[in-house]
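S.K.: Please work out how this folds:
(2 chains)
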Number of protein chains: 2
Amino acid sequence: MKMLVTGAAGFIGSHLVDRLLRDGHEVTGVDNFSTGQRRFLEEAGRRGAFRLAERDLTDAQALKDLLPGMDWVFHLAANADVKEGLQHPRRDLEQNTIVTSNVLEQMRLAGVQNIAFSSTGSVYGEAAVIPTPETGPFPIQTSLYAASKLAAEGLLSAYAEGYGFRALIFRFVSILGERYTHGHVYDFVRQLRAHPDRLVVLGDGHQKKSFLYIGDCVEAILAAVRRRPERPAEIYNLGTNEYVEVNDSIAVITRAMGVAPQVKYSGGRRGWIGDNPFIFLDCAKIRALGWRPEKTIRESVDVTVRYLLKESWVLDARRVP
Amino acid sequence: MKMLVTGAAGFIGSHLVDRLLRDGHEVTGVDNFSTGQRRFLEEAGRRGAFRLAERDLTDAQALKDLLPGMDWVFHLAANADVKEGLQHPRRDLEQNTIVTSNVLEQMRLAGVQNIAFSSTGSVYGEAAVIPTPETGPFPIQTSLYAASKLAAEGLLSAYAEGYGFRALIFRFVSILGERYTHGHVYDFVRQLRAHPDRLVVLGDGHQKKSFLYIGDCVEAILAAVRRRPERPAEIYNLGTNEYVEVNDSIAVITRAMGVAPQVKYSGGRRGWIGDNPFIFLDCAKIRALGWRPEKTIRESVDVTVRYLLKESWVLDARRVP
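M.R.: Numbers count the residues shown, from 1 in each chain, chains lettered A, B, ... in the order given. I've put the predicted structure just below:
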């Protein structure tokens, strides 16, 4: 099939590109390289079935020439920096909500109707039900990032309902693994590489976190794509059935790095304003398709740390947006 | 207090302006008169405490000079035409979501932090729980209009959480009463005025509808504004504890007009794609503040029909957006 992946040079996008190419699909990858990494597409670039298009999706015509004939669009391009949202109050709206509208409109005009979208478990806000199912209580948004993703979800489902699109919405927990480029494991490894004797932790270390391994994430997306849909828009939580505390991941990180730092906590229940203290998703719906994660969270953290130490350019390369 | 009302020349906005002026507040009304009516502000215009500012809120600076010193912003300006959404796929995003972001950003920069916002009961989509409480199941959006309002709600709550705003979000059922300018009662009265012997009804006539009288709506908003808030963002359903079928409102309309038309149904469970078959809200939360609606739905329909017949310019004046 012919697949278009936005955010193709990103963490999840590049893994999805590789997986689709291995399955024999023709893949067009789109990225503006604002945070994406060309090196993540090196393997893809060696395959004839891959085409890279450098485009900025804030341009409402960016995909016009690429879309005709596509079977699926995997829209993963986004601003994924939750923490800095309050310093850039329009960024999430522009890069996540309006860009998603741009993608949907160009698809509609090109007659392409299948879209898979990367949302976030943080749309559940301060979830009243944990683990949270897709049908959990209607939430209050606690970050501009989550608000922008929820807005994009709404657009997808309205296009599904109104224009006959098939929309798959994935609410992720945090993803770990090779090519992971932001989040607390990244920050901790970067700190400990600079000074192995100390570690500054935002919050009290007891924040609970749920993670999913990137390979498991990509398999889950493809399991839902293969599924014959029951409704125009389907929402799937993606995560594991376990969680860890920040302190647990610190233990895995320090062991993998062979360091024993003094840990200093900034204190408080949350790492920062808008940081959700606990995202833990009920994933029974995606599991009902036969999918199971293969890695535990501790294994995912360990793989991630070893990747970051081996590919230390990733720790240097990240642009601060 | 100093109050700013966007959409001041609209149905709800103009009633709110009148009510705030009667309570002794200084009121600045903002409207671009795309659908608002100057005649709705005639009463307000006779009061010294009222100021009208003709502005278009798609301009991100539109409120800049008006906001300093305001106590509350009542953001009611919106595209409220749900039915035509699919013919204008960007309009709801631009006029509802992006405009709300513009309003919030200008408030943030001006140091104004209290906002009341008109959302819609249609954000519940095909509600799984009826009557639907504010904490009902997380919905799939069924119209671009509802998606744009949900997106705006998310922005309000993220601003409340992140910047210390106080945000009041009202999810309305359809509102009826004096100055009502669109919806099925309006369409039916307009049809029957043109040809009293026949009426074309979209759907099968059994669509259930819940309505609230405009005076009751305004009192509910003010009840929530007076309340000392428990959380930064509060969501209130606004409706009555009853509903009617479209056929019931037809009976009230035809009696009030003294006509006996032959009714022709287009058929189907819905009036149009994106028309929610049943919005019926659990309003226990707003009732807990002591508020009660004073008019029944049938009384509201009757008042509306009599108003439209008396002020028949309203039936002619509406611009088709």
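S.K.: how many other residues sit next to A:Gln191?
M.R.: 16 (other Cβ atoms under 10 Å in any protein chain shown). Any C-beta I mention is one placed from the backbone N, CA and C, and that applies to glycine too.
S.K.: Could you pull up phi and psi at it?
M.R.: Dihedral pair for A:Gln191: phi -60, psi -50, per degrees, to the nearest 10.
S.K.: where does the closest residue in space to it that isn't next to it in sequence land in three-state SS?
M.R.: Spatial nearest neighbour of A:Gln191, excluding adjacent residues (Cβ to Cβ, 6 or more residues apart in numbering or on different chains): A:Leu199 at 5.6 Å. Judged by DSSP: H, G, I helix; E, B strand; the rest coil, the three-state class of A:Leu199 is strand.
S.K.: Tell me what A:Val5 is bridged to.
M.R.: Bridge pairing for A:Val5 (DSSP bridges) gives the partners A:Gly29, A:Phe74.
S.K.: Let me know the distance separating it from chain B.
M.R.: Distance of A:Val5 to chain B, computed by Cβ to the nearest Cβ, to the nearest Å: 23 Å.
S.K.: per-residue confidence at that residue?
M.R.: Looking at A:Val5, its pLDDT reads 98.
S.K.: My guess is it contacts A:Leu16. True?
M.R.: Yes - if you go by Cβ atoms under 8 Å, A:Val5 and A:Leu16 touch, sitting 5.7 Å apart.
S.K.: between those two, what contacts are shared?
M.R.: A:Phe74, A:Leu76 (Cβ atoms under 8 Å, 6 or more residues apart in numbering or on different chains).
S.K.: Show me how chain A divides into domains.
M.R.: Following automatic domain parsing, chain A resolves into domains at A:2-175+A:211-238, A:178-210+A:242-278+A:295-317.
S.K.: Give me whichever of the ones you listed is most buried.
M.R.: domain A:2-175+A:211-238 (a mean of 21; mean count of other Cβ atoms under 10 Å in any protein chain shown).
S.K.: re the thing from before, quick check: beta-bridge partners of the residue nearest to A:Gln191?
M.R.: A:Val263.
S.K.: which residues touch it?
M.R.: Per Cβ under 8 Å, 6+ apart, neighbours of A:Leu199: A:Phe188, A:Gln191, A:Leu192, A:Ile250, A:Thr254, A:Pro261, A:Gln262, A:Val263, A:Lys264.
S.K.: and what of A:Glu178?
M.R.: Each residue near A:Glu178 by Cβ under 8 Å, 6+ apart is listed here: A:His15, A:Ile214, A:Val303, A:Thr304, A:Tyr307, A:Glu311.
S.K.: thinking again about what came up before, to B:Lys64, which of the domains of chain A lies closest?
M.R.: Shortest separation from B:Lys64 across those is recorded for domain A:2-175+A:211-238, at 15.3 Å, computed as Cβ to Cβ.
S.K.: next one: that closest one to chain centre, how far?
M.R.: Distance, stretch centre to chain centre, for domain A:2-175+A:211-238: 8 Å (Cα atoms, centre = their mean, to the nearest Å).
S.K.: and the longest helix for chain A?
M.R.: helix A:144-163 (DSSP state H).
S.K.: So what angle separates the directions of the helix or strand following that helix and helix A:144-163?
M.R.: Heading C-terminal from helix A:144-163, the first helix or strand you meet, by DSSP states H and E, is strand A:166-172. Orientation check (axes from the mean of the first three to the mean of the last three Cα atoms, to 10 degrees): strand A:166-172 against helix A:144-163 gives 160 degrees.
S.K.: What pairs with strand A:166-172, parallel or antiparallel?
M.R.: For strand A:166-172, pairing defined by DSSP bridges yields strand A:114-120 (parallel), strand A:233-238 (parallel).
S.K.: Provide the strand pairings for the next helix or strand after the last one, with the direction of each partner.
M.R.: What it means is strand A:233-238. Of the helices and strands lying after strand A:233-238 in sequence (DSSP H and E), the nearest is strand A:244-245. Here strand A:244-245 is paired, per DSSP bridges, with strand A:208-209 (antiparallel).
S.K.: per-residue confidence averaged over the strand it pairs with?
M.R.: 89.
S.K.: what residues does it touch?
M.R.: The contact list for strand A:208-209, computed with Cβ under 8 Å, 6+ apart, reads A:Val173, A:Ser174, A:His184, A:Tyr243, A:Val244, A:Glu245, A:Val246, A:Ser249, A:Pro277, A:Phe278, A:Ile279, A:Phe280.
S.K.: ok, residues contacting whichever strand or helix holds A:Ile221?
M.R.: Following DSSP H and E, one finds A:Ile221 within helix A:214-226. Residues outside helix A:214-226 that contact it (Cβ under 8 Å, 6+ apart) are A:11-12, A:15-16, A:19, A:23, A:72, A:74, A:116, A:168, A:170, A:172, A:175-180, A:212, A:234, A:236, A:238, A:240, A:286, A:289-291, A:293-295.
S.K.: and of the contacts of A:Leu199, the nearest to B:Glu153?
M.R.: A:Phe188 (34.9 Å).
S.K.: wait, doesn't that closest one sit right on A:Ile250?
M.R.: Yes - between A:Phe188 and A:Ile250 there is a contact at 6.5 Å, judged by Cβ under 8 Å.
S.K.: OK, contacts around the residue lying closest to A:Lys264 once chain neighbours are set aside?
M.R.: Closest residue to A:Lys264 apart from its sequence neighbours, by Cβ to Cβ, 6+ apart: A:Val200 at 5.1 Å. By Cβ under 8 Å, 6+ apart, the contact set of A:Val200 is A:Gln191, A:Lys264, A:Ser266.
S.K.: Quick one, grab the pLDDT at the first one.
M.R.: Predicted confidence (pLDDT) at A:Gln191: the value is 95.
S.K.: Just give me the least confident of the contacts of strand A:208-209.
M.R.: Lowest pLDDT among these: A:Pro277, 62.
S.K.: Which residue comes closest to the residue of the stretch 1-150 of chain A found nearest chain B once chain neighbours are left out?
M.R.: Using Cβ to the nearest Cβ, the single residue of the stretch 1-150 of chain A nearest to chain B is A:Ala147, 3.3 Å away. Using Cβ to Cβ, 6+ apart and skipping residues adjacent in sequence, the residue nearest A:Ala147 is B:Gly154, 3.3 Å away.
S.K.: Dihedrals phi and psi, A:Asp31?
M.R.: Here is the backbone geometry of A:Asp31 (degrees, to the nearest 10): phi -160, psi 150.
S.K.: cool, and A:Arg227?
M.R.: Taking degrees, to the nearest 10 as the convention, A:Arg227 sits at phi -70, psi 140.
S.K.: try A:Val259
M.R.: phi -120, psi 160.
S.K.: how about the helices in chain A?
M.R.: Per DSSP H, chain A carries helices over the ranges A:11-22, A:42-45, A:91-92, A:99-110, A:144-163, A:184-194, A:214-226, A:246-257, A:284-287, A:297-310, A:313-317.
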